[in-house]
Each structure stands twice: as C-alpha cells, then as structure tokens.
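Peer 1: Just need the structure, nothing else, for what follows:
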Amino acid sequence: MYTLRTLTQEKGEKMTGTDKKRVNIYLSEDTVCRLKQYAWENHTSVSHAITEWIWHTKVRNEQIRGQTSIKLD
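Peer 2: Coordinates of the predicted model:
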C-alpha cells in the first residue's frame, strides 16, 4: 500500500494545508519503486509527480463524475 495526497481545489489556485485529501491506493512493489524513482529523477515528491501527471493528462469529459447537487433558489 502507498498513501497519496490529492488536491481538493480548482486548477491554478494556491494550495494550503487544508486543501489536501488523503487517498489510499494499492500498488505493486515494482510500481512503487518506479514511481519513487521517477519522482527522485524529477526532483519532486511522489504526490507532486502524480498531481502534475493528472493535471497535464487530457480527459474526455472535464465534468467530474459522481453526484451533482441541485441549487435551489
């Protein structure tokens, strides 16, 4: 298991300590080693490497999946 932190903010906003959310994911030992190596070679943390990757990867639908709230007037 490897623990990652993700942002709960809009892209481009400054991050504060309360803008992070802990996420647990399960990775093989080989994947963990490769991820750590990638982060080390790029002079960043594992969390930052993942954040940079996901924000620079094109997605088909920009709307986040899940429940949507109804705004009542």
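Peer 1: After the helix or strand harbouring residue 33, which helix or strand is next? Please name it.
Peer 2: Using DSSP states H and E, residue 33 maps to helix 29-41. Once helix 29-41 ends, the next helix or strand along the chain (criterion: DSSP H and E) is helix 46-56.
Peer 1: circling back to that earlier point, identify all contacting residues around the helix holding residue 33.
Peer 2: Residues outside helix 29-41 that contact it (Cβ atoms under 8 Å, 6 or more residues apart in numbering) are 2, 27, 45, 46, 48, 49, 50. Quick note: C-beta positions are derived from backbone N, CA and C, even for glycine.
Peer 1: angle of it against helix 46-56?
Peer 2: Helix 29-41 and helix 46-56 meet at an angle of 90 degrees, taking axes from the mean of the first three to the mean of the last three Cα atoms, to 10 degrees as the criterion.
Peer 1: Just the CA coordinates for helix 29-41, please, in PDB.
Peer 2: The C-alpha trace of helix 29-41 is given here as PDB (Å, rounded to 0.1, in the frame of the first residue of the first chain):
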ATOM      1  CA  GLU A  29       6.200  -3.100  -5.100                       C
ATOM      2  CA  ASP A  30       7.600  -2.700  -8.600                       C
ATOM      3  CA  THR A  31       5.200   0.200  -9.300                       C
ATOM      4  CA  VAL A  32       6.000   1.900  -6.000                       C
ATOM      5  CA  CYS A  33       9.800   1.700  -6.800                       C
ATOM      6  CA  ARG A  34       9.300   3.100 -10.300                       C
ATOM      7  CA  LEU A  35       7.100   5.900  -9.000                       C
ATOM      8  CA  LYS A  36       9.600   6.900  -6.400                       C
ATOM      9  CA  GLN A  37      12.500   6.700  -8.900                       C
ATOM     10  CA  TYR A  38      10.500   9.000 -11.300                       C
ATOM     11  CA  ALA A  39       9.900  11.500  -8.500                       C
ATOM     12  CA  TRP A  40      13.500  11.400  -7.500                       C
ATOM     13  CA  GLU A  41      14.800  11.900 -11.000                       C
END
